[in-house]
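**Q** Predicted structure and sequence below. I'll ask about it afterward.
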Amino acid sequence: MNVEELWFVSSQRPLKDGKVGPRIVAHTEGVSQGLAKLLVSLSTYPAAAFPAPVYSHVTFRTGETEYSVLSKLFPLTDTKEGGIDYFAQHLVIPSLQRPRGGPAYLLGQPSLFLTRWDGRTGRLTYRKELPDGEDTPVRCERWEEHAGDAGWAGVVLRHFSDSRREPVYLIAGPEIPVIHMLRELMAHAPAPVRWTITFSTYQRELPEKIKCQLRVLDPLEAAFQAPSEGDDALVIDLTKPKPCHVIHEMVQLTRRGSRVGGRGIFHGGTQDRREPSARSARAAMSVGQQRASASEKGRRRSGRRTASLGAPSLEGIYAEIDRHERSRKRWLLIKRIAGRVIAVLLVGAIAAGGYFGWRYYQQHQAGQAQGAAEQPSN
């Protein structure tokens, strides 16, 4: 399979092609009906992202071959009024054709992804050549600016070294350049590892067979999108910058601007200095394990505070998420009960109205009949 491409447009008003509604406007010859259906399911622009573009790299497998889907969605209108018209562009890349630059690097290439739609439709007859360049690892200044410490990029890389691949959640508004932060992060990883990192910005739901490890949540919606995969999920709130106290080689590399020497470090080849094992290293970055007594014992054994992600802040985030989630569930239950009560009352009111209306009609008819019977005698 070659690199395939598909363009999708959703509009509430006529655009340059004169049509309205969601539709596929262009694709390459090799896009099958099943693949088109999958790409359309990835073509939902979330209102929380407006007016910023939405980026994603997800993977799926067909037979023995794994494919990467690179997607960019951006609005075609300057306002939310009347609905958001948007354009979605997808590239499907077989695993054997993935270039070394990685997904975030490719998503930032103007030769591959459009910044505006000129109204073109129909069959895409050309084949795009994927650039073989890559980003140079530098100090993660955007992480330092928005997260509070360049080392947080290393924390995310270290988290992906866990073979269980617990998800990562970044809480960030659309004004934060998350795609550039991901480019900084991936520049520090070996080329084969970059394509194992999947991500999506602001998209709520993805198809079941799609793999996505890192998700960006809008601050206003984060409380209602609580991580459901387990307490081991890593949450970093970019709206509340703070220093990183994790001591690990990857953290130091993202601060210095050096690249990880080999793939082994992503599979337990290097351990945290303050922790005797990879399991303890996971405890340093796991919200659930920070709460566990085993973590407390580890701190007592080491005689000093274990490197962590700032447990109070993260526990506060989880507490707030849990509180909002419980409140949301209670509100939904109240709405459901109230709706049923209102429905019963309405049905009762309609039945009672019908009954009394029928009784009035019967009495009226009886009165008219009695009046007609008495009239001849007068």
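**A** That came through fine.

**Q** count of residues packed around the residue lying closest to residue 83 once chain neighbours are set aside?
**A** Sequence neighbours aside, residue 12 is the residue nearest to residue 83 in space, at 3.7 Å (criterion: Cβ to Cβ, 6 or more residues apart in numbering). Backbone N, C-alpha and C define where each C-beta goes, glycine included. Applying the criterion other Cβ atoms under 10 Å, we find 13 residues in the vicinity of residue 12.

**Q** In the stretch 101-250 of the chain, what residue spans correspond to strands?
**A** 122-124, 168-171, 199-201, 214-217, 234-237 (DSSP state E, counting those that start in this stretch).

**Q** Show me the one of those strands that comes nearest residue 374.
**A** Distances from residue 374 to each of the strands of the stretch 101-250 of the chain were compared using Cβ to Cβ; the shortest belongs to strand 214-217, at 80.1 Å.

**Q** How far does the closest one sit from its chain's centre?
**A** In terms of Cα atoms, centre = their mean, to the nearest Å, the centre of strand 214-217 is set 5 Å apart from its chain centre.

**Q** Could you give the average pLDDT over it?
**A** Over the span of strand 214-217, the pLDDT mean works out to 90.

**Q** Next: stretch 34-50.
**A** Per-residue scores along stretch 34-50 average to 89.

**Q** now the closest residue to residue 206 other than its chain neighbours: how far from residue 68?
**A** Residue nearest to residue 206 in three dimensions, not counting chain neighbours: residue 212, with 5.6 Å by Cβ to Cβ, 6+ apart. Residue 212 sits 12 Å away from residue 68 when distances are taken as Cβ to Cβ, to the nearest Å.

**Q** tell me the SS of residue 355?
**A** Local secondary structure at residue 355 is given as helix here, using DSSP: H, G, I helix; E, B strand; the rest coil.

**Q** In the stretch 101-250 of the chain, where is pLDDT below threshold?
**A** Within the stretch 101-250 of the chain, the set of residues satisfying pLDDT under 70 comprises 161-165, 204, 223-231.

**Q** quick one: which of residue 212 and residue 68 has more around it?
**A** Applying other Cβ under 10 Å to residue 212 and residue 68 shows that residue 68 carries more neighbours, namely 21 against 16.

**Q** Just to be sure, that one is in a helix?
**A** No. Membership of residue 68 in a helix is not supported by three-state DSSP, which gives strand.

**Q** Kindly state the beta-bridge partners for it.
**A** When bridges are taken as DSSP bridges, the partners of residue 68 come out as residue 59, residue 93.

**Q** Repeat that for residue 6.
**A** In this entry, residue 6 is beta-bridged to residue 27, residue 90, by DSSP bridges.

**Q** To residue 361, which of the strands of the stretch 101-250 of the chain lies closest?
**A** That would be strand 214-217 among the strands of the stretch 101-250 of the chain, by Cβ to Cβ, at 60.1 Å.

**Q** list the helices and strands that closest one packs on?
**A** Counting contacts by 3 or more Cβ pairs under 8 Å, 6 or more residues apart in numbering; DSSP states H and E, strand 214-217 is packed against strand 168-171, strand 199-201.

**Q** For the first one, give me every contacting residue.
**A** Read it as strand 168-171. With Cβ atoms under 8 Å, 6 or more residues apart in numbering as the test, strand 168-171 has contacts from 156, 159-160, 178, 213-219, 222, 227, 233-239, 317.
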